[in-house]
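> Quick one, fold the following:
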Amino acid sequence: MTDMTELAKRKLPLNLAIVHVDPDGFLATYRRWLEITTFISALRIGEAEMPDDGITPQLTEADLANGAVHRIGNDTVMAFCATAAMKGDGASVDKIEAGLKNDMGDEFPGSFALRHFRNPVAAPITLEDFVGASAKKLLEGDIPPPPKRASECWETGLRFLELARGSNFKNEIMYPLALWTRDVWTWASTDGLAFLAHIEDSQPILTEALKEERNDEPFIANMLQLGAPAVEIELDEDVEGMLRSLARR
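Below you'll find the predicted structure:
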């Protein structure tokens, strides 16, 4: 079966591996995910034909060097590393790196994404740069000191939200991000309250927003929107408009 049904069938275990930060599950299905996405992409542009036996072709050495395959790999590895970072699980990232290198070589599809988490650039420019720099600290357990924690976590939350919105694994990143966001702002509005700006205004606003029980994109956007004044971040018009739009239910 080589069609969208097979695509969904192969994506499901990968989704679960990303949400639950399961490196074994990720490694077990990663190659199969690249195979089906590569084949369907080639089929759509007329560079492949349906096989007579209906079996999805395996990746060739040429496929492993193909830019389109690497783009899919980068998106997939980035998603796993992001959810692992929110759990502070550097060991799982180490495990998928070792497994993918063993299976596909040092330049495996997704290796470029992984480099953002290993060696973040000193002056981030791209979204991936920002995500990698923030995630590396989380993966290494480098928690900001209380006076800076809420503001740094605000920045991390925004970058992860932007990453999720552009990923094939949007929902798989968004749910862990919502849980992480809830933890961050619960701390900020209680134990970290003394380090917030405009405490008299900020605490009741944040406390009320945290009563929302749904862990989803509107919740994340709303916490970022309401939390910005509390960490003295002035939103530009584009970011403010995006967060306001995403926070609507």
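> alpha carbons only for contacts and neighbour counts from here, please
Will do.
> residues making contact with the lowest-mean-pLDDT helix or strand in the chain?
Least confident helix or strand, the chain: helix 61-64 with a mean of 91, by mean pLDDT, DSSP states H and E. Contacts with helix 61-64, where a contact means C-alpha atoms under 8 Å, 6 or more residues apart in numbering, come from 38, 69-70, 104, 108-109.
> ok, of these, which come out buried?
38, 69-70, 108-109 (16 or more other C-alpha atoms under 10 Å).
> As JSON lines, those with distance to residue 210, secondary structure and pLDDT would be great.
Listed next are the buried ones among the contacts of helix 61-64 as JSON lines, based on distance: C-alpha to C-alpha, whole Å; DSSP: H, G, I helix; E, B strand; the rest coil; pLDDT from 0 to 100:
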{"residue": "38", "distance to residue 210": "42", "secondary structure": "helix", "pLDDT": "91"}
{"residue": "69", "distance to residue 210": "40", "secondary structure": "helix", "pLDDT": "95"}
{"residue": "70", "distance to residue 210": "39", "secondary structure": "helix", "pLDDT": "96"}
{"residue": "108", "distance to residue 210": "41", "secondary structure": "coil", "pLDDT": "97"}
{"residue": "109", "distance to residue 210": "39", "secondary structure": "coil", "pLDDT": "97"}
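> can you redo the residues you listed as TSV with distance to residue 181?
Shown next, in TSV, are these (distance: C-alpha to C-alpha, whole Å):
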residue	distance to residue 181
38	34
69	32
70	30
108	32
109	30
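> what's the farthest-apart pair in the residues you listed?
Pairwise distances across the buried ones among the contacts of helix 61-64 peak at 14.4 Å for 38 and 108 (criterion: C-alpha to C-alpha).
> sorry, back to before: for the contacts of helix 61-64, work out which two are farthest apart.
Taking C-alpha to C-alpha, no two of the contacts of helix 61-64 sit farther apart than 38 and 104, at 15.4 Å.
> if I pick residue 85, what's in contact with it?
By C-alpha under 8 Å, 6+ apart, the residues touching residue 85 are 135-136, 138-139.
> Give me the below-cutoff pLDDT ranges for the protein.
Applying pLDDT under 70 to the chain flags residues 1-2.
> So residue 152 sits against residue 142, correct?
No. Applying C-alpha atoms under 8 Å as the test, residue 152 and residue 142 come out as separate, 11.6 Å apart.
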